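Asker: Provide a 3D model corresponding to the input given below.
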Amino acid sequence: MLQFLSSVFAGSREQRAGPDRDLIERAIERVVDGTDPRLRGLTKYRKRLRPAVEKAVVHVLGMVDDLPEPAEISRRAYSVDPCLRAFFVSSSHLLEVIGNSRAIRDYVGNAVDTLPDEIFGVLAMEWQEKNVLGMELVGDTVQRDVPQVTVNFFNHRYVGPSGSETETRRQVEIRIFDYLIEQALGRIVAARSKQTELKQQQRLLKRKLDTMKSGNWGLKPMFGKTETSEPDHVALESKIKAIEGQLFKLGAGPRSLEACCEHIDETLGRPSDWVAQRKINLNLDDMLIKVDVASTRRANQLELTELFSCTGERRVVMPGRFPRQELPEQPDFLEQAKRYLY
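Answerer: Numbers count the residues shown, from 1 in each chain. The predicted structure follows:
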């Protein structure tokens, strides 16, 4: 079973000279669980998968290490941080988007202990540039119909809320690694032949892939168009276990399992082809209009981090820390019902 947010990357932040053997072993087992557990029938399957898995792990750890330190995301920070002023229309918009996000609500609702003073997470947004005609002040003259490029940030998410930066980064590491596993499984599903037995395997693996996606194992919470509530991982893992039981009954020949390994190699062995990140520098005025760096116009220089995938999805991401005291009050549904009834 996959054990969502298991201990795959636990303690990994202390080993930046290179991932240790135990981490790679755990990652290999997660890859096997996430694709086809019958791979354990291959002789020395760990040795066979280790080179590709190690490349993927190093890539994931490097990506998360390159993320900036968490920025304060609050009403106070909005007044001094040009990035937050670019991302949100107002400080009230910021509090509404973050405080009422489904991830935050699920985190608060599932908390068994006192909430921390700050809730760490990763703010993720879509962004786009648009060519428009606007006005520009040149000297004392207002020029009209000037070609301009405006930037817009939208579809905000707050991913991986937790009580510490370390835990949030670990969650991001696992999500990226699971995204690579999803891509490998997708290639395995697509490559199955039309033979009766393999066709049945294809259907079962496709069901497993769909189940993994519905459980938000990978980057779907960050890349998705709409927010979804936290899925029932116990039920999903039970469903996956049932699918794997049917796969074991079908059996598999060595060639089929070797082909599976080849797809894993092609995906995890070239992780930057599937998911990566880059720095983006934007020079924007207060109206979010791009300003040439050589211009004397007042502008804010923003250095942003963009995460992008092989499917063309891209998001600006910012690790953050949101003050607990700025969480909106949760409605008292019982009290509302009493007022309605009486």
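
Asker: quick one: contacts of stretch 149-157?
Answerer: 86-88, 97-98, 101, 103, 123-132, 221-222, 224-225, 227, 282, 284, 287-290, 315-316 (CB atoms under 8 Å, 6 or more residues apart in numbering). The way it works is simple: take the backbone N, C-alpha and C, and place the C-beta from them, glycine included.

Asker: in that stretch, what's buried?
Answerer: Buried residues in stretch 149-157, counted by 16 or more other CB atoms under 10 Å: Thr150, Val151, Phe153, His156, Arg157.

Asker: what's the closest of those to Glu25?
Answerer: Arg157 (32.3 Å; CB to CB).

Asker: ok so, going back, restricted to buried residues, select the contacts of stretch 149-157 in PyMOL.
Answerer: A single PyMOL command is used to select the members of the contacts of stretch 149-157 judged buried by 16+ other CB under 10 Å:
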select buried, resi 86+87+88+97+98+101+103+123+124+125+126+127+221+222+282+284+288+289+290+315+316
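
Asker: quick one: which of the contacts of stretch 149-157 sit in strands?
Answerer: 123-132, 282, 284, 315-316 (DSSP state E).

Asker: could I get these as TSV with pLDDT?
Answerer: What follows is those, written out as TSV (pLDDT from 0 to 100):
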residue	pLDDT
Leu123	97
Ala124	96
Met125	95
Glu126	96
Trp127	96
Gln128	95
Glu129	96
Lys130	95
Asn131	93
Val132	92
Leu282	96
Leu284	96
Arg315	95
Val316	97
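
Asker: Show me where this protein dips below the pLDDT cut-off.
Answerer: 1-18, 192-206, 208-209, 211-255, 330-342 (pLDDT under 70).

Asker: all strands for it, in order.
Answerer: 71-72, 118-138, 141-162, 275-284, 300-309, 314-323.

Asker: got the ones you listed as JSON lines, with distance to Val112 columns?
Answerer: Output for the strands of the chain, formatted as JSON lines (distance: least, CB to CB, whole Å):
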{"stretch": "strand 71-72", "distance to Val112": "26"}
{"stretch": "strand 118-138", "distance to Val112": "15"}
{"stretch": "strand 141-162", "distance to Val112": "13"}
{"stretch": "strand 275-284", "distance to Val112": "33"}
{"stretch": "strand 300-309", "distance to Val112": "31"}
{"stretch": "strand 314-323", "distance to Val112": "20"}
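
Asker: care to break this protein down by domain?
Answerer: Following automatic domain parsing, the chain resolves into domains at 12-66+166-221+231-273, 79-163+278-325.

Asker: Give me whichever of these is most buried.
Answerer: domain 12-66+166-221+231-273 (a mean of 18; mean count of other CB atoms under 10 Å).

Asker: Chain neighbours aside, what residue packs nearest to Gln128?
Answerer: Asn152 (5.6 Å; CB to CB, 6 or more residues apart in numbering).

Asker: What distance do you get for the one you found to Glu126?
Answerer: Asn152 is 9 Å from Glu126, where distance means CB to CB, to the nearest Å.

Asker: One more: Gly99?
Answerer: According to CB to CB, Gly99 stands 20 Å off from Glu126.

Asker: repeat for Ala103
Answerer: Distance from Ala103 to Glu126, by CB to CB: 16 Å.

Asker: for Leu180, same thing?
Answerer: 22 Å.

Asker: Pop out the phi and psi values for the residue in the chain sticking out farthest from the centre.
Answerer: Centroid-distance maximum for the chain: Asp140 at 47.7 Å, with CA atoms, centre = their mean. For Asp140, the backbone dihedrals (degrees, to the nearest 10) come out as phi -100, psi 10.

Asker: how near is it to Asp286?
Answerer: Counting by CB to CB - Asp140 and Asp286 are separated by 20 Å.

Asker: Just list the residues touching the nearest residue to Gln143 once chain neighbours are set aside, thanks.
Answerer: For Gln143, ignoring the flanking residues on the chain, the nearest one in space by CB to CB, 6+ apart is Glu136 at 5.1 Å. Glu136 sits next to Val142, Gln143, Val146, Gln148 when contact means CB under 8 Å, 6+ apart.

Asker: In contact with the closest residue to the last one other than its chain neighbours, which residues?
Answerer: By that I understand Gln148. Using CB to CB, 6+ apart and skipping the chain neighbours, the partner closest in space to Gln148 is Gly134 (4.5 Å). By CB under 8 Å, 6+ apart, the contact set of Gly134 is Asp145, Val146, Gln148, Ile289.

Asker: that older thread, among the strands of the chain, which is nearest Arg38?
Answerer: Checking the strands of the chain against Arg38 by CB to CB gives strand 275-284 as the closest, at 26.4 Å.

Asker: Who are the packing partners of the closest one?
Answerer: helix 45-65, helix 82-87, helix 165-191, strand 300-309 (3 or more CB pairs under 8 Å, 6 or more residues apart in numbering; DSSP states H and E).

Asker: With respect to Gly109, which of those lies nearest?
Answerer: Here helix 165-191 is closest among the helices and strands packed on strand 275-284 (CB to CB), at 17.5 Å.

Asker: and that closest one, how far out from the chain's middle?
Answerer: Its chain's C-alpha centre and that of helix 165-191 lie 9 Å apart, by CA atoms, centre = their mean, to the nearest Å.

Asker: Report the angle between that helix and strand 300-309.
Answerer: Note on geometry: by axes from the mean of the first three to the mean of the last three CA atoms, to 10 degrees, helix 165-191 and strand 300-309 are set 40 degrees apart in direction.
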